[in-house]
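K.L.:
got a sequence here, can you build the structure:
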Amino acid sequence: MTSWLGGALAAAPTTVPSPATQQALGYPSLFLLVLFGALVPVVPTGALVSSAAVVAFHQPAQSAPFALALVFVTASLAAFCGDVALYWLGRRGMRSRGGSRWLETIRERAPEERLNRAQEGLADHGVTVLVLSRLVPAGRIPVMLACLLADWPVRRFARGNLPACLAWALSYQLIGILGGSLFPEPWQGVVAAVALTVLIGAAPGVWRRLRGEPA
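P.N.:
Sure, this is the predicted structure:
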């Protein structure tokens, strides 16, 4: 069984590392990249998970289920840890006299209109909105900020965020499995999965522009 990074290494014309080495490099790399993407919301973490799922899907039949399970656990755990860390930093910023750069980063990525909708949804539906926010492109940050403004403790946020991260990882993994099943070569599935995640991520912004709403 190889990892998503191992698949790229195996395609290189140089000496191919052993499967154990590829796993040791690939899954920790996936964890760190998703964790970083949760803290700094510019990394396309969904595309990373989908690409990893494509490579896992193309493993031998006896090892593919385990590879897919490992991708799912790695991605969901990294997303959960990153979200909780970012939320903790946001609460720390709100309690400090001058705020924090992390809180400012969150505020900059949550336009007023979307923040107002997130606050209304959180007040009406609670944790359900938090779970759905991870499945909607650009929905995570406004809802996280709404939780901060509602003064949710970290423990309450973490309880709601756990199913959100599990649902997010599963959704993007299914995109990868779809891409992997449509094409015989892993790289073709990776291209298809990345293209699909980019389209999904861009769709809300295009829709808002068509309706004349602020981006």
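K.L.:
check which residues of stretch 170-185 are buried.
P.N.:
Neighbour counts over stretch 170-185 (16 or more other C-beta atoms under 10 Å) mark 171-173, 175-180, 183 as buried. Any C-beta I mention is one placed from the backbone N, CA and C, and that applies to glycine too.
K.L.:
count of neighbours near P65?
P.N.:
12 (other C-beta atoms under 10 Å).
K.L.:
mind checking the longest helix of this protein?
P.N.:
helix 64-95 (DSSP state H).
K.L.:
for it, which positions count as buried?
P.N.:
64, 67-68, 70-72, 74-84, 86-87, 89-91, 93.
K.L.:
list the helices and strands the host helix or strand of G180 packs on?
P.N.:
Assessed by DSSP states H and E, G180 sits inside helix 154-182. Judged by 3 or more C-beta pairs under 8 Å, 6 or more residues apart in numbering; DSSP states H and E, the packing partners of helix 154-182 are helix 45-57, helix 64-95, helix 127-133, helix 186-210.
K.L.:
between those helices, which one is closest to C165.
P.N.:
C165 sits nearest to helix 64-95 of all the helices and strands packed on helix 154-182, at 4.2 Å, using C-beta to C-beta.
K.L.:
the closest one versus helix 45-57: what angle between them?
P.N.:
Following axes from the mean of the first three to the mean of the last three C-alpha atoms, to 10 degrees, one obtains 160 degrees for the angle between helix 64-95 and helix 45-57.
K.L.:
now do helix 64-95, average pLDDT.
P.N.:
Averaged over helix 64-95, pLDDT sits at 90.
K.L.:
remind me what that helix packs against, helices and strands.
P.N.:
Helix 64-95 sits against helix 19-39, helix 45-57, helix 101-108, helix 140-149, helix 154-182, with contacts defined as 3+ C-beta pairs under 8 Å, 6+ apart.
K.L.:
what residues sit buried inside stretch 156-173?
P.N.:
So for stretch 156-173, counting by 16+ other C-beta under 10 Å, buried means 157-158, 160-166, 168-169, 171-173.
K.L.:
again but with stretch 46-66, I slipped
P.N.:
Applying a neighbour-count criterion of 16+ other C-beta under 10 Å, one finds 46-59, 64 buried in stretch 46-66.
K.L.:
can you show me the CA trace of that stretch as CSV?
P.N.:
The C-alpha atoms that make up stretch 46-66 are tabulated as CSV, following Å, rounded to 0.1, in the frame of the first residue of the first chain:
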residue,chain,number,x,y,z
GLY,A,46,-10.3,19.4,0.1
ALA,A,47,-8.3,18.8,-3.1
LEU,A,48,-5.5,17.2,-1.0
VAL,A,49,-8.0,14.8,0.6
SER,A,50,-9.5,13.9,-2.8
SER,A,51,-6.1,13.4,-4.4
ALA,A,52,-5.0,11.1,-1.5
ALA,A,53,-8.3,9.2,-1.8
VAL,A,54,-7.7,8.6,-5.6
VAL,A,55,-4.2,7.1,-4.9
ALA,A,56,-5.6,5.0,-2.1
PHE,A,57,-8.4,3.8,-4.3
HIS,A,58,-5.9,2.5,-6.9
GLN,A,59,-4.0,0.4,-4.4
PRO,A,60,-4.3,-3.4,-4.7
ALA,A,61,-7.8,-4.7,-3.7
GLN,A,62,-6.6,-6.2,-0.4
SER,A,63,-5.0,-3.0,0.8
ALA,A,64,-7.2,-0.3,-0.7
PRO,A,65,-9.9,-0.3,2.0
PHE,A,66,-7.3,0.1,4.7
